[in-house]
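*Asks:* Take this sequence and fold it.
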Amino acid sequence: MTQQESEDSPTTEVEQELAEIEDIEALKKALAEEKTKAESYLANWQRAQADFINYKRRTEQARQETGKFANSCLILSLLPVLDDLERALDSVPPRLRKLAWVDGIRLIWRKFRESLKAQGLMPIATEGEPFDPNLHEAAMRTKGREGIVTKELRKGYKLHDRVLRAAVVAVGSGERAEETITSG
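*Replies:* Next up, the predicted model:
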């Protein structure tokens, strides 16, 4: 070996070692970048999975709601018929109430009411209850306790947990009704 070669040899080894170190650093940097990408992909995948689970839950709830309230228009259109049957039965004179055909109409009314109840229809409580604008529609004020429903003018109904038709009511004005005044 010549002197030139022996002098170049250590430099070349150093250059090779430096090149290897640079390669290792570049690989470490590339590995860190790939790890960051992988973590990002994992987080995005987890977020997408959670979004999909939430989507499935929301669509299932919407499907249940649709099934639960699909008949609401039909039931709402039948409520006047129920009202008419009730008014007809209430207006039967006492001497005719024991007739078989009146009992038959009463039976039809009960079956009709029970069929609607089986679909989730429930009457809204009115008389003696505090006025609630979410459940009641005030048509007039009458003598009676302030803010208390004194008379039901038209029945209201809920279908499951939603108001289908608000009850039309008379609400007490705070004036005492003559029949509620008692001597002490």
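
*Asks:* Let me see the ranges of the strands in this structure.
*Replies:* Taking DSSP state E as the test, the strands found in the chain are 121-123, 136-142, 149-154, 157-159, 162-165, 167-172.

*Asks:* Do a quick rundown of the helices in this protein.
*Replies:* Applying DSSP state H to the chain gives helices spanning 3-69, 72-90, 100-118.

*Asks:* now stretch 131-144: mean pLDDT?
*Replies:* Regarding stretch 131-144, the rounded mean pLDDT is 94.

*Asks:* Next, the distance between the ends of that stretch.
*Replies:* Start-to-end span of stretch 131-144 (Cα to Cα, to the nearest Å) is 12 Å.

*Asks:* before we move on, what about stretch 62-78?
*Replies:* Separation of the first and last residues of stretch 62-78 by Cα to Cα is 25 Å.

*Asks:* Might you quantify the distance of it from its chain's geometric centre?
*Replies:* Using Cα atoms, centre = their mean, to the nearest Å, the mean C-alpha position of stretch 62-78 is found 14 Å from that of the whole chain.

*Asks:* Same check on stretch 81-91?
*Replies:* 33 Å.

*Asks:* and Ile148, which of the helices of the chain is closest to it?
*Replies:* Ile148 sits nearest to helix 72-90 of all these, at 23.4 Å, using Cβ to Cβ. (Glycine included, C-beta is placed from N, CA and C.)

*Asks:* Looking at the record's assignment, how would you partition the chain?
*Replies:* What the record gives for the chain is the domain set 1-69, 71-119, 122-184, from automatic domain parsing.

*Asks:* Run through this structure and note the low-pLDDT ranges.
*Replies:* Along the chain, segments meeting pLDDT under 70 span 1-10, 177-184.

*Asks:* Thank you kindly, that will do.
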